[in-house]
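Asker: sharing a sequence plus its predicted fold:
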Amino acid sequence: MPYTPELKALIKVVEQTRTERVALKKRGGEFPMMSLDERERMLAYHPDYKEEGRRALRVGPSKGYRIAHEFADILEAWSRVNPKQVDLSCPDMETDVLVIGGGGAGTSAALLAAQNGAQVIIATKLRHGDANTMMAEGGIQAATKVEKDSPYYHYLDAMGGGHFKGDPDLIYTLATQAPSVIQWLEEMGMMFDKFPDGRMKSIHGGGTSRKRMLSAGDITGAEIMRTIRDEARNHSNINVVEFSPVVELILNEHGQCAGALLYNLETEEYFIIKAKATILATGGCGRLHVQGFMTTNHYGATADGLVLGYRAGVPVTLLHTVQYHPTGAVYPEQAEGLLITEKFRGAGANLVNIKGLQFVNEREPRDIESSCCIRECLERGLGVLTPTGKTGVWLDSPMIDMLSGEGTVQREFPGKYILFKRYGIEIDKEPMLIFPTLHYQNGGLKITADCRTNVPGLFGAGEVTGGVHGENRLMGNSLLDVLVFGRIAGENAAKYIKREARDGKLTLEHVAAFHKQLETAGVPRDRVSPMLLPDYTDPEVRKRQLTSHYLGTMR
Amino acid sequence: MATNTTTGKKIKMIPIFIMGKRYDVPETLTIMKAMEYAGFKFIRGCGCRGGICGACATVYRKAGDYKLYSGLACQTVVEPNMYLAQIPFYPANRAVFDFSEIKPVPEDIFKLYPEIFRCVACNSCTKVCPMDVEVMDVIAHLKRGDITGAAEMSFSCIQCGLCASRCMGELPQYHIAQLARRIYGSLIAPRAKHLREAVKVIESGRYEECMRTLMKTPDVELRKIYQEREMEPEMTGEEWTPKDTKCL
């Protein structure tokens, strides 16, 4: 839907201040950046810092840890199966390495495990590649220009952006392995944005001190995902099982992870996979809609891996923060929640309020940007009201053409340009209306820099894990995270099966023990996880669906 | 009429026909949200919900119109009396290859996909593409041996498979284009020299001391270093270099 006459009138206000804002940028001027103290004060407006939004966990390895109710609800929940009723004596499939999740982390883990001689099964809830990796737009960070950048600065930016709470070993690994990951992608044929001589184009992201954001148009994640997925399809020792989420991990009598229980969404059958090593790469949590926020995440982002790992005894870390991406679309209604890449701000687009005035530098870390947008709309009342009752602020994309030449928006952001054009909005001429949207799970299962968890034989990589991004991830570090740690997990799992894995009787005893804790804590019986898929059925329809929802969203 | 719970405004309902059966849905919804509103719960035919994963390809006709339309269910707004069906999967042949043995010559693509010459240039693929990729021209580029042209032209492809579903010559256009892009990205576009240099320098251990010291720096001092780090100005080109070169 094109902008309504009311919104068009408000766009005039933005246009009136635009020339001066562009001139300021051209002179090298900036809206002032905040000091660390100012940042800290601003976080009072961030949803993470609302105490009523969280509660202490009552069961499991991180008992007592205060996290969002939505997380607590799925961690303090019963298994989909009665562990005593599952016959583990004859597995339906056997493999060396089981990778749970078919996104960026899972696929790169599978490639490296296969390259190191392992037979691999990827079990994935939807299709291979249905993942947040596919949706990441703006770029991937790597310090590849040695005359001005190094892993030292990348480390510093990531550590500071995460409020100095990140795990030093993980961040060290992320920053130092970044260039070799980019080289791996280039060799596989990923089409990076380059100058004619092959030099990669690089720009800033929020919280970066050097321009190290590499990209492939505004579909960087999709280009990564389709390239590595295509490569995985060439490997005969990688077998992909789609539409089959894992509902429990299986351990063996030695306490090692020894496979998983799969649920075929289409036939509603359960299958047992026996594996010598297992890699959790299930991704994030946006579809939990933490604190009622809209989300940029894909349909299957329901934090299943957190549940599986937690029940098997892996603690969670840094899960008290989730990332709200500052710029999710709020107009038109059809695009609500849709990610508008940070690359727009990296390319110079200001955030402005209803009066056309800037209220934050566009390159602060994401939590700060989000806090400022929320304050502008909810406290200062300077947001713009949409016809559906949402509020937002303007992301002034037409500035980009004025700064970098006509046609830049269309060339650098082809995905978003076409999408908005379909709705009758030309984003090189009109700004976009945005509000923070649930985007990323900063924390997760605790791992070491070699992707091990405290359960032998269970590895973790990507968004399901926590530590590398501290309390706030920087743009371009998630695509990097999934590839760096996916590869490490794959390689180490392949090594593990040769040296440490032992054969033994399979068991779901850990699930039964977890159930006992739930019983003692008095957790209601109808709370079941993992969620697997969100439920967007209209409440009126749901009332008439007498037999389709036995427990939660479960059939 | 239904009522929006946030604004209290009345919402206009329109009839749509999902696989031929009528449902009344709010006129502002996308096909995907309209189907969920109607009571469908997706397993297939729903992925990123953001127009990039290719899971929700949908074809539809409008009453009294011969034309076949296509779109992504998560991006396309419903229209009154549209008859729609999702095509969440369409079988297509994908050649298996050892990428390390592929050379940047069109013959290597022809060997893997000889059906490329079955294209009769009917343009059905281009017409059905929900991403407005000029699919037929991508294939035409390849037939002429222009891998670069095919790679660049197919960059927005989301591999939904609609092209393959309409192809008279039974080509898997989206797999062929993927191969073209990989060949271009790896073997035709010039490689980034600075990237190889960065990898080498890291392997040489040049940054080890700097980084290990930084990792052990107490929090207070670390914050100071962070706050005072030199920032590359936004409006500079590739020529900028920092004054502080200690950890470069």
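Answerer: Right, received. Where do you want to start?

Asker: burial check on residue 111, number of neighbours?
Answerer: As the question left the chain open, I've gone with chain A. If you count neighbours by other C-beta atoms under 10 Å in any protein chain shown, A:L111 ends up with 25. In short, each C-beta sits where N, CA and C put it, glycine included.

Asker: switch to chain B, please.
Answerer: With other C-beta under 10 Å as criterion, B:K111 counts 12.

Asker: please apply the same query to A:D37.
Answerer: 8.

Asker: now it. Its backbone dihedrals?
Answerer: Here is the backbone geometry of A:D37 (degrees, to the nearest 10): phi -60, psi -50.

Asker: gap between it and chain B?
Answerer: Applying C-beta to the nearest C-beta, to the nearest Å, the value for A:D37 to chain B is 10 Å.

Asker: could you do A:E94 as well?
Answerer: Taking C-beta to the nearest C-beta, one finds A:E94 at 24 Å from chain B.

Asker: contacting residues for that residue?
Answerer: A:273-275 (C-beta atoms under 8 Å, 6 or more residues apart in numbering or on different chains).

Asker: so what's the spatially most central residue of chain A bridging to?
Answerer: Nearest to the mean C-alpha position of chain A, counting by C-alpha atoms, centre = their mean, stands A:Y440 at 4.0 Å. Beta-bridge partners for A:Y440, by DSSP bridges, are A:Q323.

Asker: in this structure it contacts A:V464, no?
Answerer: No. A:Y440 is not in contact with A:V464 according to C-beta atoms under 8 Å; the separation is 11.7 Å.

Asker: pull up the overlap in contacts between these two.
Answerer: Going by C-beta under 8 Å, 6+ apart, residues that sit against A:Y440 and also against A:V464 are A:G284.

Asker: hmm, back to that, out of the contacts of A:E94, the closest to B:P15 would be?
Answerer: A:I273 (45.7 Å; C-beta to C-beta).

Asker: domain assignment for the chain?
Answerer: This is for chain A. Using automatic domain parsing, the domain parsing of chain A gives A:5-30+A:324-439, A:83-322+A:441-507.

Asker: not what I meant, chain B
Answerer: Split by automatic domain parsing, chain B gives B:2-86, B:99-188.

Asker: and the last one, how far out from the chain's middle?
Answerer: Looking back up the chat, that one is domain B:99-188. 15 Å (C-alpha atoms, centre = their mean, to the nearest Å).

Asker: one more: the first one?
Answerer: Using C-alpha atoms, centre = their mean, the mean C-alpha position of domain B:2-86 is found 21 Å from that of the whole chain.

Asker: kindly report the same for stretch A:62-79.
Answerer: The answer for stretch A:62-79 is 19 Å, by C-alpha atoms, centre = their mean.

Asker: list the buried residues for it?
Answerer: Within stretch A:62-79, the residues scored as buried using 16 or more other C-beta atoms under 10 Å in any protein chain shown are A:62, A:65, A:67-68, A:70-79.

Asker: narrow the residues you listed to those in strands?
Answerer: Among these, the residues falling in strands (DSSP state E) are A:67-68.

Asker: just name the most buried of the domains of chain A.
Answerer: Most buried of the domains of chain A, by mean neighbour count (mean count of other C-beta atoms under 10 Å in any protein chain shown): domain A:83-322+A:441-507, with a mean of 24.

Asker: quick one: the helices in the stretch 1-150 of chain A?
Answerer: A:5-26, A:36-42, A:69-75, A:104-115, A:132-135 (DSSP state H, counting those that start in this stretch).

Asker: cool, and the stretch 451-555 of chain A?
Answerer: A:477-499, A:509-521, A:539-544.

Asker: how about the stretch 251-400 of chain A?
Answerer: A:304-311, A:343-346, A:366-374, A:398-404.

Asker: got those as JSON lines, with distance to A:G217 and mean pLDDT columns?
Answerer: Below are these laid out as JSON lines (distance: least, C-beta to C-beta, whole Å; pLDDT from 0 to 100):
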{"stretch": "helix A:304-311", "distance to A:G217": "30", "mean pLDDT": "98"}
{"stretch": "helix A:343-346", "distance to A:G217": "9", "mean pLDDT": "90"}
{"stretch": "helix A:366-374", "distance to A:G217": "21", "mean pLDDT": "93"}
{"stretch": "helix A:398-404", "distance to A:G217": "14", "mean pLDDT": "96"}
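
Asker: looking at those helices, which is nearest to B:M153?
Answerer: Closest approach to B:M153 among the helices of the stretch 251-400 of chain A (C-beta to C-beta): helix A:343-346, 22.4 Å.

Asker: what's next to the closest one, contact-wise?
Answerer: A:137-139, A:203-206, A:213, A:215, A:218, A:327, A:351, A:362-363, A:369, A:395, A:397, A:400, A:412-413, A:416, A:432, A:475.

Asker: cool, and stretch A:20-35?
Answerer: By C-beta under 8 Å, 6+ apart, stretch A:20-35 touches A:42, A:348, A:350, A:352, A:358, A:360-364, A:368, A:396, A:399, A:402-403, B:227, B:233-235.

Asker: and the pLDDT for the residue in the stretch 301-450 of chain A positioned nearest to chain B?
Answerer: At 3.8 Å from chain B, A:G389 is the closest residue in the stretch 301-450 of chain A, using C-beta to the nearest C-beta. Among the per-residue scores, A:G389 shows a pLDDT of 85.
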